[in-house]
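Novice: What follows is a predicted protein model with its sequence.
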Amino acid sequence: MQPIKTALCSFGMSGRLFHAPFIETLSYFELYAVWERSKKLAAEKYPSIISYDNYEDLLADDAIELVIVNTPNATHFEYAKKALLAGKHVIVEKPFTVHSDQAKELQTLAEEQSRKLAVYHNRRFDSDFKTVKKVIDEGYLGKIVEAEIHFDRYKQELSPKTHKEMPGDGTGALYDLGSHLIDQALTLFGLPEAVFGDIRIIREISKVDDYFEVLLYYPELRVRLKSSYLVREALAAYSLHGTLGSFVKSRGDVQEANLDKKILPNTADWGVEPDTEKGLLHTEKNGTVVRDYIDTLLGNYNDYFRQVYEAIRLDKPVPVSAEDGLNVIRVIEAAFESSEGKKVVKF
């Protein structure tokens, strides 16, 4: 089938690491164009790419089928809407939008335009998360009663990405890292009945939230999502406890680190975690208690893009739907409402 001519809305870290390498190496796609307002960095790496000075000219190019909106969070709604109105299929970086009504509007517009709209929650395709999902799906732990997912960092300094560190729509740790954790929790357990949030600024230099704890209430399950920028000694990224046993796993996916080293995703052993990052399964099998480290599944963001291709060319479902992205934003909004009012918010 014919490759999908694809355009990026920027060539910062997101474009350079999380999108261009996959569009470049997968035969399903052609890295065709980019919107670069000033610095023309994409052409240095991809000489054949078309670099547009403004977005309207990019959208007017009839050859472009797919637009990847990988710009600052507050612009996602505007740029995705323009792309859909221009008749393009769209991938929107996480978080999908800042507000849930924006997400709903984009979802409706994509349906009206008969265009595919996907959200880039790539962490579903991390090796660690895929392994956690397998452990749950295969019933190793029995009925899950408690789960905790962390995404911690130790960063005294502010990010050089100033749009992430200044107060404004869609900034802060909950929109940034929280989007990943919420999407993973909803993928594993579905929508909660209620949400409690504790969202704070803990570094003296920070102007946006850099700490959060979000508790999701289910009838017989509690899921805790936590992130802090002042964790030098990280706890396990995943801790799950059920009626049969427990599973504890580090955040061991190597894809981002390899992409940062300019290792392309078509290389051998892509997405293979070190053996030192294996998760510990302590449970009961056939009446016998077992405690052992289990093999980690391969991480592979290629699978996300392959599913986008099949959605566009074969009319299959997108890997992460607008509805999925919308639900993440709904939880974020409920968490902020909870934190501000110091109350549990029904979902």
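Specialist: Sure thing, it's come through. Numbers count the residues shown, from 1 in each chain.
Novice: Quick one: mean pLDDT for the helix or strand hosting Val119?
Specialist: Remark: Val119 resides in strand 117-120, with elements defined by DSSP states H and E. In this model, strand 117-120 carries a mean pLDDT of 98.
Novice: Who are the packing partners of that strand?
Specialist: For strand 117-120, the helices and strands in contact under the criterion 3 or more CB pairs under 8 Å, 6 or more residues apart in numbering; DSSP states H and E are strand 89-93, helix 100-113, helix 302-314, helix 322-341. No exception for glycine: its C-beta is placed from N, CA and C like everyone else's.
Novice: counting contacts, what elements does the last one pack onto?
Specialist: The helices and strands touching helix 322-341, judged by 3+ CB pairs under 8 Å, 6+ apart, are helix 100-113, strand 117-120, helix 173-189, strand 194-200, strand 211-218, strand 345-346.
Novice: Between strand 89-93 and the longest one, find me the angle.
Specialist: Angle between the axes of helix 173-189 and strand 89-93 is 110 degrees (criterion: axes from the mean of the first three to the mean of the last three CA atoms, to 10 degrees).
Novice: repeat for the fifth one
Specialist: Strand 211-218 and strand 89-93 meet at an angle of 120 degrees, taking the same axes, to 10 degrees as the criterion.
Novice: Strand 211-218 - which strands sit beside it in the sheet, and in what orientation?
Specialist: The pairing partners recorded for strand 211-218 under DSSP bridges are strand 194-200 (antiparallel), strand 221-228 (antiparallel).
Novice: In the sheet, which strands lie alongside the following helix or strand past the longest one, parallel or antiparallel?
Specialist: Next along the chain after strand 221-228, taking DSSP H and E as the criterion, comes strand 238-242. When pairing is defined by DSSP bridges, strand 238-242 lines up against strand 144-150 (antiparallel), strand 246-249 (antiparallel).
Novice: can you put those in TSV and add distance to Leu85?
Specialist: TSV is the format used below for those (distance: least, CB to CB, whole Å):
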stretch	distance to Leu85
strand 144-150	37
strand 246-249	43
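Novice: Tyr32: which of the strands paired with strand 211-218 is closest?
Specialist: Nearest to Tyr32 among the strands paired with strand 211-218 is strand 221-228; the distance by CB to CB comes to 36.0 Å.
Novice: Would you mark the buried spots in stretch 185-196?
Specialist: For stretch 185-196, the buried set under the neighbour-count rule, 16 or more other CB atoms under 10 Å, comprises Ala185, Leu186, Leu188, Pro192, Val195, Phe196.
Novice: Okay, domains of this structure per the record?
Specialist: Residue ranges for each domain of the chain read 4-120, 127-299+331-346, as given by automatic domain parsing.
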